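predicted model, plus sequence, below.
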Amino acid sequence: MKAVIFGLIVLILAAGLELLTHDDSGYLVIGYGQWMIETTLTLAVIVLGLAFIGGYLALRFISHIGKTPRRLGKTRQRRRSSRASKMLIEGLIDIEEGNWDRAERALVKDIAYSNTPLLNYIAAARSAQNQGAYERRDHYLRLAREAVPAATFAVELTQAELQVNSGQFEQALAILNHLRTLDPRHSQPLRLLKSLYLQQRDWNQLLGLLPQLCKRRLVNKEEAHSLEVMAHVELLQEAAQNESDAALIDRWKAVPNRFRKHPKIVAAYVYALIDRNEQDLAEQLLQDTLKGNWSDELIYLYGLVQSSDLVAQLARAEAWLSQQGNNPWLLLTLGRLAQHNGLWGKARQYLETSIAYAPRSEAYRELGKVLEEIGDSEAALECYSKGLSMATSGAVEESTKFSLPEKANAREISLSDADSSAPQLTGPAS
């Protein structure tokens with residue numbers, strides 16, 4: 001296009017020159033030494049114009065030849081970049097399909113020509129992580145920092161995340177604490193710390209982190225409540241297993257007042273007291289808690305406690321019967337307490353009623369013990385058989401939403417639902 005325009009300009013100038021020199025073409029003499037050139041002005045202008053055009057074209061040609069290597073280099077670079085982009089896409093697809101080894105090879109193959117080296121290196125690090133190649137993972141992340149220094153924070157976040165997932169908690173904790181000093185407002189380090197503390201079972205640190213998680217709205221109220229309950233239960237269990245009586249009491253005192261009547265937390269402490277034979281303290285705690293906070297789990301535990309005044313304990317439980325009706329958990333507890341008092345007839349009545357409303361293997365077992373005491377061995381054997389069959393078959397009563405432990409041991413408390421609701425009870429089984 002430029003050549004066409006240039007040609008038109010030359011033609012216009014030539015035409016203009018012809019018009020100007022039509023009547024008088026002029027005369028030009030050029031002398032140099034013994035040489036002399038005589039010509040018309042028109043011809044001289046035409047020759048000079050052609051010489052100028054020829055010189056210009058020659059210079060353009062030489063310039064074009066000089067730029068050819070660079071142009072070829074750019075073409076090769078475009079092709080390599082295109083191939084690198086293609087390998088990146090293939091690598092990401094392999095990651096989604098779980099082909100970690102192939103993904104890693106694709107992601108680093110043409111990385112020198114990639115327009116997104118940061119993305120390549122991070123994806124390659126994740127692929128290496130899934131192969132258990134932690135040294136290669138860290139190597140890729142180091143190269144990512146070198147390739148894009150401005151992305152150091154993001155790269156270190158990725159490294160901490162991968163280390164948490166691989167169980168390298170000490171290294172991850174060091175990185176996350178460093179990142180928090182760099183940017184205290186950033187939410188992702190807090191999320192990773194929450195995951196780290198949960199996996200480490202570092203309940204004290206988790207409790208300390210919860211206010212910040214709530215402030216940043218990284219957990220809702222329900223999740224924060226469940227996490228706090230879980231942490232206090234776990235800390236009570238740890239104190240029960242590993243520490244002295246004084247340490248256990250101090251751990252209970254450290255529980256905030258708003259959680260002192262939570263069934264899961266109370267249950268954890270009561271199990272620890274039963275293990276230490278602090279029966280009266282356990283009975284008093286359950287009695288105080290159940291006054292205004294009925295819990296089937298806690299009434300179940302009340303039947304495992306043998307206080308120094310079993311008669312009064314049975315009387316208190318029977319008073320609850322008028323308020324709770326034929327609650328199978330309360331009836332099971334009453335059957336046990338009646339046994340402890342040697343009231344075999346009453347124990348039998350309570351246990352049979354409990355089974356009628358919600359048959360459980362342990363209720364059959366307790367009834368079998370009572371029947372043995374009164375000499376009905378055949379009926380006792382039948383109860384043991386039913387209880388064993390129910391236990392070995394894994395049958396779970398439709399009337400309950402959770403299974404309570406059958407042995408007074410703090411290690412057996414389930415934390416699958418730190419704030420589960422009480423069971424919904426139905427009528428007696430047909």
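That came in fine, so what should we check first?

give me the element the nearest residue to Leu179 once chain neighbours are set aside is part of.
What sits nearest to Leu179 in space, not counting adjacent residues and going by C-beta to C-beta, 6 or more residues apart in numbering, is Pro189, at 4.7 Å. C-beta: built from backbone N, CA, C; applies to glycine. Assigned by DSSP states H and E, Pro189 falls within helix 188-200.

got the buried residues for that helix?
Gln188, Pro189, Leu190, Arg191, Leu192, Leu193, Lys194, Leu196, Tyr197, Gln200 (16 or more other C-beta atoms under 10 Å).

how close does the nearest residue to the first one once chain neighbours are set aside sit to Gln131?
So the one you mean is Gln188. Spatially, and ignoring its direct neighbours in sequence, Gln188 is nearest to Leu157 (5.6 Å; C-beta to C-beta, 6+ apart). Remark: distance between Leu157 and Gln131 (C-beta to C-beta, to the nearest Å) = 21 Å.

the more surrounded of those two?
Neighbours per residue (other C-beta atoms under 10 Å) separate Leu157 from Gln131, with Leu157 holding more: 19 against 13.

with adjacent residues omitted, what lies nearest to Met36?
Val29 (6.6 Å).

average model confidence for stretch 282-293?
The average pLDDT within stretch 282-293 is 94.

residues touching the residue sitting nearest the centre point of the chain, list them.
The residue lying closest to the centre of the chain (C-alpha atoms, centre = their mean) is Ser195, at 6.4 Å. Ser195 makes contact with Val164, according to C-beta atoms under 8 Å, 6 or more residues apart in numbering.

hmm, 10 Å instead?
The contact partners of Ser195, by C-beta atoms under 10 Å, 6 or more residues apart in numbering, come to Glu161, Val164, Asn165, Ala172.

number of residues surrounding Gly342?
Neighbours around Gly342, by other C-beta under 10 Å: 10.

just to revisit the earlier point, and the furthest pair within the contacts of Ser195?
Asn165 and Ala172 (9.0 Å; C-beta to C-beta).

so where's the stretch 251-400 of the chain uncertain?
Within the stretch 251-400 of the chain, the stretches with pLDDT under 70 are 394-400.

quick one: which of the contacts of Ser195 sit in helices?
Glu161, Val164, Asn165, Ala172 (DSSP state H).

re the thing from before, could you dump the helix holding Pro189 to CSV, C-alpha only?
Extracted C-alpha coordinates of helix 188-200, given in CSV (Å, rounded to 0.1, in the frame of the first residue of the first chain):
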residue,chain,number,x,y,z
GLN,A,188,-6.1,-17.4,53.6
PRO,A,189,-3.4,-18.0,56.3
LEU,A,190,-6.1,-18.1,58.9
ARG,A,191,-8.0,-20.8,57.0
LEU,A,192,-4.9,-22.8,56.6
LEU,A,193,-4.0,-22.4,60.3
LYS,A,194,-7.5,-23.7,61.2
SER,A,195,-6.9,-26.8,59.0
LEU,A,196,-3.5,-27.3,60.5
TYR,A,197,-4.6,-27.1,64.1
LEU,A,198,-7.5,-29.5,63.5
GLN,A,199,-5.1,-32.0,61.9
GLN,A,200,-2.5,-31.5,64.6
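
helix or strand right after that helix?
helix 203-215.

can you mark which positions in that next one are buried?
Those buried within helix 203-215 under the rule 16+ other C-beta under 10 Å are Trp203, Gln205, Leu206, Leu207, Leu209, Leu210, Leu213.

stretch 149-158 now?
Neighbour-count burial for stretch 149-158 [16+ other C-beta under 10 Å]: Ala151, Val155, Glu156, Leu157, Thr158.

can I get those residues in CSV with secondary structure?
Formatted as CSV, those follow (DSSP: H, G, I helix; E, B strand; the rest coil):
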residue, secondary structure
Ala151, helix
Val155, helix
Glu156, helix
Leu157, helix
Thr158, helix
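
tell me the one of those residues nearest Tyr113?
Ala151 (19.2 Å).

and the gap between the closest residue to the closest one other than its chain neighbours and Gly368?
Leaving aside its sequence neighbours, Ala151 sits nearest to Leu118 (C-beta to C-beta, 6+ apart; 5.4 Å). Between Leu118 and Gly368 the distance is 69 Å, computed by C-beta to C-beta.

more crowded one of the two?
Applying other C-beta under 10 Å to Leu118 and Gly368 shows that Gly368 carries more neighbours, namely 23 against 17.

before we move on, which element is that one in?
helix 361-373.

what angle sits between the helix or strand just after that helix and helix 361-373?
For helix 361-373, the following helix or strand on the C-terminal side (DSSP H and E) is helix 377-393. Helix 377-393 runs at 160 degrees relative to helix 361-373, counting by axes from the mean of the first three to the mean of the last three C-alpha atoms, to 10 degrees.
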